[in-house]
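K.L.:
Give me the fold of what follows.
(chains A and B)
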Amino acid sequence: MIAFLLLPALLLLLVVFVGPLFRYAWLSFHADSVVTGLIAIPNGGANWLRLVQDQRFWQDLGQTLRFSGVSVGLELILALMIALLLDQRWRGRDVVRTLTLIPWALPTTVMALGWRWIFNTPYGPIDHFTRMIGIGSLNILGDPHFTWMATVWADVWKTTPFAALILLAGLQTIPVDLYEAVRLEGGNAMVCLRRITLPLLRPYILLALLFRLAQAFGVFDLIQVLTGGGPASSTESVALYAYWNALRFLDFGYSATIIMASFILISLICVVAWILLQIIIPTHSKSQAVVEP
Amino acid sequence: MIMNQIHFLRRILVSLIVILIASTCFGLVQARTTESVSFLMAAPFADATQDLVKQFNREHRGEIHLHVIKGPLETEAMSDLAISSLLLGKAPFDGLLMDVTWLPKYAAAGWMEPLEGYFKQNDVDSLATGAREGNSYNGHLYRWPLTADMGLLYYRTDLMEQPPETPEDLVEVSQSLQKKRKVNWGYVWQGRQYEGLSCVYLEMIDGFGGDWIQPDDNQIGLNLKPGVEAAAWLQGLIDQGVSPKAVTNYAESEALQSFKVGDSAFMRNWPYAWAELQKSDSAVKGNVGITTMVAEPGRSTATLGSWGLTVIKGSEHVDAAVEAIRFLTNDSAQKQLFLKSGYTPTQQSVFDDPELLQQSPILAEFGRALKVVKPRPETPLYAQVSDVLQRQLSSILTGEQTPRIGMDRATSNTNQILISAGDRP
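P.N.:
Numbers count the residues shown, from 1 in each chain, chains lettered A, B, ... in the order given. Have a look, this model is predicted:
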């Protein structure tokens, strides 16, 4: 009976997830582009061979990993701090809780367009500020050494509230008596955080991490609007490259190959991230050790 | 009382049904005689042609009804939408307003109806010379131009008597104005890694006497002397401080901003910027002149933009669609579009209209620029070819590589693309 009730969900998954995945896997072994008249012709592993030799793909992959790693790392740290703050009782907390969601609620393209003018040299406020304090013009969006940091910054600004929301939900499931017990044993706030909060929050951290990693790895709209992948291709992401191959170059075979490769990679990354998290934060059962006086 | 009400309601119901049936029948009769045609256009064009479409529908009442589907604002988003619907097979529109660079790709994909059976030689002859370019592929006419678009050099008439003509002159004038602190920057242009950069470069490589892809032997000209010179000149503008370093992320709007507030002496932009610079928030209103891009004597070139209407293959209303295209591109429509929205005309007769010239003397400058237009390489693989050029140019402009190395790479990458697509022996 339960299996029967799950059927609609299962069908939906098949249609929107499994179906396209198989289609892409199939397409990645075919030449299907404007050159073949948009007809799929089997070409063995030629697409995959091209991918392995494609310097641009590996450069984009490196850039995407750098972007995802740095921005998700920063987001989780900031989100934990925000969630801890919003979990405390203080006047005006509810108003602030609502306000923190605003960046996340804004459409990415709108906010990316905003950042493009904020980072603009010389008319943006950031350039104005750096010149005022004597650093001079930084040319943030025009210098390949800075631009990727600007994309990370814009992403952190936008998606930290999302991670904070998940962590806040987790914090609220932790019973207050646990903290009181630690206090009674003479433990301070640091002990509370290390022994109670972090271990009990782990499933929520994992959830936020996986959500954000998958999202950051597929970053597209932010980059497309903010930099278009430039300057000197220093911010191009794998998703942007796949999109260009499909819709600009009409090379669907190769685009499918890029998408399959990044699907495999992101699955691997999520598994690794999960294992790493197990090591960094010990489970609750192991952390029941005596609180030191 | 209640019975009365029910009776009353029933009567209303019956009359409603009668009206419904009658109007359906009428509608069916109407539908049989009126041919419905739909065009997909980017939002700004859909807005600009609104009045014309109303006019067309008034004049063709009972015969053709033209419906314009309003697409997204940006060119790239527009292309994505059109391609997505065309890939699905039967597109939900009969005509598409198309940018000049899409044409070979769409034609190779077999998405467009050839129009040479409808537009004859005398029609083509009525177009301004520059507007005749970029409408055909492989000997078939696929597109009829709605508005022309070309790269222009904007300059400040309050800072100089005559605009510079050669690349060296532009640098010299800029530097002397910067030295006198009249402007912060000499020249602003589109240096961001995107299609605009290819357009800027095309004007320079031609200006130095070269070709992106040589017309006679189809060889890549990027790493020949003029190609390297063009890249080095653009990079030099940044090095010498004539252009701001930030120009490496400038698109049209950023360049316009710099010029509009009076920070720059020169700007490269499209005709739309003219109307923007005449608005009341423009600090340079009344002090702006237009000319063609600097170049070695006699080599001045303007990159061809231009939008035109096409008919989608498989449309059941080709005749009606052509009728609508003729209406939207005739002389009076073009005059209306020019006066209301600043769209550059494509019909020669509009450029020669003395009344219009008196009303808007700038039209003469647009007409002069349209005479020296140059289309970008006409290949279905243009998007790839332009993409590798943009990548290498952006690396050159940001100082990551020298012009020589960058243009060598751009050449070998372009050859690779063309060879692997079977476009080269």
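
K.L.:
where does chain B have its least confident helix or strand?
P.N.:
helix B:2-33 (a mean of 63; mean pLDDT, DSSP states H and E).

K.L.:
after it comes which helix or strand?
P.N.:
strand B:35-41 (DSSP states H and E).

K.L.:
which other helices and strands contact the helix or strand following that following strand?
P.N.:
Sequence order places helix B:43-48 as the next helix or strand after strand B:35-41, per DSSP H and E. When contacts are defined as 3 or more Cβ pairs under 8 Å, 6 or more residues apart in numbering or on different chains; DSSP states H and E, helix B:43-48 packs onto strand B:64-70, helix B:331-341. To be clear about C-beta, it is placed using only N, CA and C from the backbone, and glycine gets the same treatment.

K.L.:
In CSV: those, plus distance to chain A and mean neighbour count.
P.N.:
Shown next, in CSV, are those (distance: least, Cβ to the nearest Cβ, whole Å; neighbours: other Cβ atoms under 10 Å in any protein chain shown):
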stretch, distance to chain A, mean neighbour count
strand B:64-70, 18, 18
helix B:331-341, 23, 18
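
K.L.:
The nearest residue to A:Leu247 once chain neighbours are set aside: neighbour count?
P.N.:
Leaving out its chain neighbours, the residue that sits closest to A:Leu247 by Cβ to Cβ, 6 or more residues apart in numbering or on different chains is B:Asp80, at 5.1 Å. Using other Cβ atoms under 10 Å in any protein chain shown, B:Asp80 has 17 neighbouring residues.

K.L.:
roughly how far apart are B:Asp80 and B:Met407?
P.N.:
30 Å (Cβ to Cβ, to the nearest Å).

K.L.:
Tell me the pLDDT of A:Ile259.
P.N.:
pLDDT recorded at A:Ile259 is 95.

K.L.:
Next, it: secondary structure please.
P.N.:
helix (DSSP: H, G, I helix; E, B strand; the rest coil).

K.L.:
That one contacts A:Tyr243, correct?
P.N.:
No: look at A:Ile259 against A:Tyr243 with Cβ atoms under 8 Å: they stay out of range, at 9.6 Å.

K.L.:
With neighbour numbers in mind, choose between those two.
P.N.:
Shown here are A:Ile259 and A:Tyr243; by other Cβ under 10 Å, A:Ile259 has more neighbours (24 against 18).

K.L.:
which residues touch the more buried one?
P.N.:
A:Ile259 makes contact with A:24, A:28, A:242, according to Cβ atoms under 8 Å, 6 or more residues apart in numbering or on different chains.

K.L.:
Please confirm that the first one is located within a helix.
P.N.:
Yes: counting by three-state DSSP, A:Tyr24 is found in a helix.

K.L.:
Now the closest residue to it other than its chain neighbours. Its backbone dihedrals?
P.N.:
Distances taken as Cβ to Cβ, 6+ apart place A:Ala256 nearest to A:Tyr24, at 4.4 Å, with adjacent residues excluded. Dihedral pair for A:Ala256: phi -60, psi -40, per degrees, to the nearest 10.

K.L.:
and the gap between A:Ala256 and A:Pro42?
P.N.:
Counting by Cβ to Cβ, the gap from A:Ala256 to A:Pro42 is 13 Å.

K.L.:
Surely A:Gly218 touches A:Ala239?
P.N.:
Yes: with contact defined as Cβ under 8 Å, A:Gly218 reaches A:Ala239; the gap is 4.8 Å.

K.L.:
Common neighbours of those two, please.
P.N.:
A:Ser262.

K.L.:
with the contacts of A:Ile259 in mind, which one is nearest to A:Arg97?
P.N.:
Checking these against A:Arg97 with Cβ to Cβ, the nearest one is A:Ala242 at 37.1 Å.

K.L.:
element containing the closest one?
P.N.:
With DSSP H and E as the test, A:Ala242 turns up in helix A:238-243.

K.L.:
I'd guessed B:Tyr137 sits against B:Tyr382; true?
P.N.:
No: assessed by Cβ under 8 Å, B:Tyr137 is found out of contact with B:Tyr382, at 10.9 Å.

K.L.:
So for those two, which sits in the more crowded spot?
P.N.:
Using other Cβ under 10 Å, the more surrounded residue of B:Tyr137 and B:Tyr382 is B:Tyr382, with 23 against 20.

K.L.:
Please give me every residue in contact with that one.
P.N.:
B:Tyr382 sits next to B:101, B:104-105, B:376 when contact means Cβ under 8 Å, 6+ apart.

K.L.:
Could you measure from B:Asp353 over to B:Lys279?
P.N.:
To B:Lys279, B:Asp353 is 25 Å away according to Cβ to Cβ.

K.L.:
Look at the two and report which has more neighbours.
P.N.:
Set side by side, B:Asp353 and B:Lys279 show more neighbours around B:Asp353, with 18 against 9, by other Cβ under 10 Å.
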